[in-house]
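Peer 1: Pasting a predicted model and its sequence here:
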Amino acid sequence: MTSSGTLTTQTSNSGEMSRTVLQCVIESDVSRNEVLREIDSLSCSPANQAKRLLAELAEAEKNASLRSGSRGLQARKALRVLDGRVAEAARLLDEPDNEISEGTAQQETREAVDLLSELQSQFEQMTPLASLTSQARNILSGLGFSPATMDAPFTTLSGGWQMRCCLAGVLLQPTALLILDEPTNFLDLLGIIWLQHHLLALIAAPNPPTVLLVSHDRSFLDTLCTSLLILRNRTLTYFAGNLSAYEADQRDQKLYLSRMKEAQDRQIAHMEKTIREGIKLGKKTGDDGKLRMAKSRQKKVDERMGMEVGKGGGRFKLNRDLQGFHLTNRASIEVPQDERPITFALPPAPTLRFPGPLISLENIAYAHPGRSTPVLQGVTLTIHPGDRVGILGLNGCGKSTLLGVLGGKVVVAGVERHARLRVGWYEQSAVEELKRIGEADPSLTALQELQTHDPALTPQDARSLLSSLGLRGSTVSDTPLSRLSGGQLVRVALAKVLWPMPHLLLLDEVTTHLDAESIGALVEALREFEGAVVVVSHDRWAVRGVVEEMDGDEGEEEGRRRVVFELVKGGLRVLEEGVWGYERRLERRLGGLLKASLGG
Ligand SMILES: Nc1ncnc2c1ncn2[C@@H]1O[C@H](COP(=O)(O)OP(=O)(O)OP(=O)(O)O)[C@@H](O)[C@H]1O
């Protein structure tokens, strides 16, 4: 059976009050449901199928040309069907058929029996419920559910966990086409790594589904994708390879074509010079040979310069590589022009009048009101100007709470700040907050919102700040906030964080609504930023890009500390092997669960 699973369509299926998470996941198997429904409709609708079948059989019984044995057999078959005893009916179907005469009644009976037989074979191919349940439990574990949460009612879950449950439902289905739209959005790194391995195993298994994946997580995309569909300027292009390969190919193509064009331009200039000289000399001396040679060269310049290599990499051939009517025999060399590149330009960080650390936390502890267990305990951390600090950790380990302490919202003992410290804090909920503001005032624009944030900000300064983050023109002054995309709202939120310019930037899951190209541009800008940056993210590529040293960095930024911490059991632990080491550790931790999720 060919079917497709989508993450989005499952939400409403899972909304019933009493069903547990596990039930929701199992029942979201659409192909299984389809077969069960059909069997159900055959056996449970006496008003149509059953009555008609029985009536036809009774009619057939009266027909002298039918042998009673055959009629009896058909009747028994139908009754089994109507009872919903599918396996029993299939066994009867395997019994040798008796002689059956032609006729409408018999024809319909035969159709019903065939249909049942087909349903039976589909049903047999379906995973038995017991193993489906254990598979569902493994998938839910991989996505971070504890056994207790699996048996809790679906409606008691938060939005993020409900989305994980829907994702589990999609992953459970046998499917020919698996469409996943930003599946990592609600996952922590452990969940992302599990999903990555689960999908890798799925596509390596016999009869793998085609997986159509939309994601802004580069590491995830690069590991999984074997080909890309690039939608740009309303045109869809195909590339055989992953995102890194595509970018490298684009760079190589551009370099190759621009070198080819430069060389050919020099050659043309030289040929034109010799043509001019040849014509001049030919006319002066009356040498027709020179004039003929100049003419032939001119023809070559006019018709034969351009692409020397065809689409397949071989010699350029007019018929194959340049179809249609053309005035020349070659395609001209088109060096791909960069589209308006996506850039983020962060204003320079202000300097502090006197030196010293920006902020120090000395053995701090914090428990949320009403909670007995502290979410932070014994945390010691010092941040100096220019530092790059990454904080990784599983969902709920306290990363946002720690940023709350650094940002001054959560007040605890043991915190010392530089007297002039200005902190810019991009909160995880920044986009949702802007959406709320936009809904409350449907005419409010990004420009107005920025000026509300700081009335001292002139419209020109607000425009130039938004423009440095990639928002320009009528998008900032005419389009209401409520109509901006998630990526555009991230830019508005960042503009608010960057004004007035902070010494310390706290970024909590800033990549969530950005596309891969924008994330690349933001990472690039953050690498250049002179102030200190603390980044919390489940995006391995982004944390690596902002915090860790890259080739060619050495010696460039003396004194800049780069460190990645894991926040675990309330405390910070330095990840000596950085993001890479953490990823490997999580893989080891997932161990058997990775094998179990595919029933292996
Ligand atoms: N205002 C609050 N009152 C009570 N508990 C809270 C509050 N805010 C957060 N918590 C709890 O504190 C713990 C840490 O939450 P926090 O948001 O800091 O984690 P996190 O590591 O940032 O999670 P995530 O990766 O999901 O963003 C969680 O168990 C959370 O439920």
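Peer 2: Everything's here; your move. Numbers count the residues shown, from 1 in each chain.
Peer 1: Can you pull the residues of this protein lying near the ligand?
Peer 2: Counting by Cβ under 6 Å from any ligand atom, the chain comes close to the ligand at 188, 368, 371, 375, 393, 395-401, 428. All C-beta spots, glycine's among them, are computed from the backbone N, C-alpha and C.
Peer 1: in the sheet, who's paired with Val423?
Peer 2: Beta-bridge pairing of Val423, defined through DSSP bridges, involves Leu504.
Peer 1: re the thing from before, columns distance to Gly486, neighbour count and pLDDT on top of the residues of the chain next to the ligand, output as TSV?
Peer 2: Shown next, in TSV, are these (distance: Cβ to Cβ, whole Å; neighbours: other Cβ atoms under 10 Å; pLDDT from 0 to 100):
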residue	distance to Gly486	neighbour count	pLDDT
Asp188	20	20	90
His368	28	13	93
Arg371	31	9	90
Val375	28	21	95
Gly393	24	22	92
Asn395	20	16	86
Gly396	23	11	86
Cys397	25	20	91
Gly398	26	25	93
Lys399	21	25	94
Ser400	19	19	94
Thr401	24	21	95
Gln428	13	17	93
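Peer 1: How many residues are close by Thr133?
Peer 2: Thr133 has 16 neighbours, counted by other Cβ atoms under 10 Å.
Peer 1: Give me the distance between it and Gln162.
Peer 2: For Thr133, the distance to Gln162 equals 20 Å [Cβ to Cβ, to the nearest Å].
Peer 1: picking up where we left off before, in strands, which of the residues of the chain next to the ligand appear?
Peer 2: Under the assignment DSSP state E, these contribute nothing to strands.
Peer 1: Which of those residues sits closest to Ala345?
Peer 2: Nearest to Ala345, judged by Cβ to Cβ, of those is Gln428 at 24.0 Å.
Peer 1: in terms of contact, does the closest one touch Leu506 like I think?
Peer 2: No. Counting by Cβ atoms under 8 Å, Gln428 does not reach Leu506; the two are 10.7 Å apart.
Peer 1: can you tell me which residues contact Leu195?
Peer 2: 142-143, 167, 183-184, 187, 220 (Cβ atoms under 8 Å, 6 or more residues apart in numbering).
Peer 1: what helix or strand is it on?
Peer 2: For Leu195, the element it lies in under DSSP states H and E is helix 189-204.
Peer 1: buried set for that helix?
Peer 2: By neighbour count on 16 or more other Cβ atoms under 10 Å, the buried set for helix 189-204 is 189-199, 202.
Peer 1: Equivalent analysis for stretch 129-138, please.
Peer 2: By neighbour count on 16+ other Cβ under 10 Å, the buried set for stretch 129-138 is 132-133, 135-138.
Peer 1: Could you list which of the residues you listed belong to helices?
Peer 2: Among the buried residues of stretch 129-138, DSSP state H puts 132-133, 135-138 in helices.
Peer 1: Please, where are all the helices along the stretch 151-300 of the chain?
Peer 2: Along the stretch 151-300 of the chain, counting by DSSP state H, counting those that start in this stretch, helices occupy 159-172, 189-204, 218-224, 243-285, 288-303.
Peer 1: from those, which stretch is densest packed?
Peer 2: Per residue and on average, the most neighbours among those fall to helix 159-172, with a mean of 22 (mean count of other Cβ atoms under 10 Å).
Peer 1: hmm, back to that, now the contacts of Leu195 in CSV, with distance to Val497 and pLDDT?
Peer 2: Shown next, in CSV, are the contacts of Leu195 (distance: Cβ to Cβ, whole Å; pLDDT from 0 to 100):
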residue, distance to Val497, pLDDT
Gly142, 35, 90
Leu143, 31, 92
Leu167, 31, 92
Pro183, 28, 93
Thr184, 24, 92
Leu187, 25, 90
Phe220, 26, 94
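Peer 1: Going by neighbour count, which of those residues comes out on top?
Peer 2: Each of the contacts of Leu195 was scored for neighbours by other Cβ under 10 Å, and Pro183 scores highest at 27 neighbours.
Peer 1: Once you drop chain neighbours, what's closest to the residue in the stretch 401-550 of the chain positioned nearest to the ligand?
Peer 2: Residue nearest to the ligand within the stretch 401-550 of the chain (Cβ to the nearest ligand atom): Thr401, separated by 3.5 Å. Excluding its sequence neighbours, the residue lying closest to Thr401 (Cβ to Cβ, 6 or more residues apart in numbering) is Val375, at 5.1 Å.
Peer 1: hang on, isn't the one you found packed against Gly570?
Peer 2: Yes. Using Cβ under 8 Å, Val375 is in contact with Gly570, at 6.2 Å.
Peer 1: Please identify every residue contacting each of these two.
Peer 2: Overlap of the contact sets of Val375 and Gly570 (by Cβ under 8 Å, 6+ apart) consists of Gly398.
Peer 1: gap between stretch 185-194 and the chain center?
Peer 2: A distance of 12 Å separates the centroid of the chain from that of stretch 185-194, by Cα atoms, centre = their mean, to the nearest Å.
Peer 1: Show me where this protein has its strands.
Peer 2: Using DSSP E, the strands of the chain run over 4-6, 177-181, 210-214, 228-232, 235-239, 359-366, 376-383, 388-392, 415-417, 423-426, 504-508, 532-536, 562-568, 571-574.
Peer 1: List of residues touching the last one?
Peer 2: So the one you mean is strand 571-574. Under the criterion Cβ under 8 Å, 6+ apart, residues 376-381, 391, 563-567 lie in contact with strand 571-574.
Peer 1: what pairs with it, and is each one parallel or antiparallel?
Peer 2: Partners of strand 571-574 in the sheet, by DSSP bridges, are strand 562-568 (antiparallel).
Peer 1: Quick one: work out the angle between the partner strand and strand 532-536.
Peer 2: Calculated by axes from the mean of the first three to the mean of the last three Cα atoms, to 10 degrees, strand 562-568 forms an angle of 40 degrees with strand 532-536.
Peer 1: can you redo the contacts of strand 571-574 as TSV with pLDDT and neighbour count?
Peer 2: Listed next are the contacts of strand 571-574 as TSV, based on pLDDT from 0 to 100; neighbours: other Cβ atoms under 10 Å:
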residue	pLDDT	neighbour count
Leu376	97	24
Gln377	96	15
Gly378	95	13
Val379	97	24
Thr380	97	12
Leu381	97	20
Ile391	97	27
Val563	96	18
Val564	97	23
Phe565	97	22
Glu566	96	20
Leu567	96	21
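Peer 1: of all these, which comes closest to Asp302?
Peer 2: For these, the minimum distance to Asp302 (Cβ to Cβ) is 60.5 Å, reached by Val564.
Peer 1: For Leu190, see how far away the residue nearest to the closest one when sequence neighbours are not counted is.
Peer 2: Sequence neighbours aside, Gly390 is the residue nearest to Val564 in space, at 3.9 Å (criterion: Cβ to Cβ, 6+ apart). Plainly put, Gly390 is 16 Å away from Leu190 if you go by Cβ to Cβ.
Peer 1: what's the answer for Ile139, then?
Peer 2: Look at Ile139 and Leu190: by Cβ to Cβ, they are 14 Å apart.
Peer 1: now do Cys165
Peer 2: Cys165 sits 17 Å away from Leu190, going by Cβ to Cβ.
Peer 1: of the buried residues of stretch 129-138, closest to Phe154?
Peer 2: Taking Cβ to Cβ as the measure, Phe154 sits nearest to Ala136 out of the buried residues of stretch 129-138, at 13.1 Å.
Peer 1: For that closest one, give its distance to Val25.
Peer 2: Look at Ala136 and Val25: by Cβ to Cβ, they are 5 Å apart.
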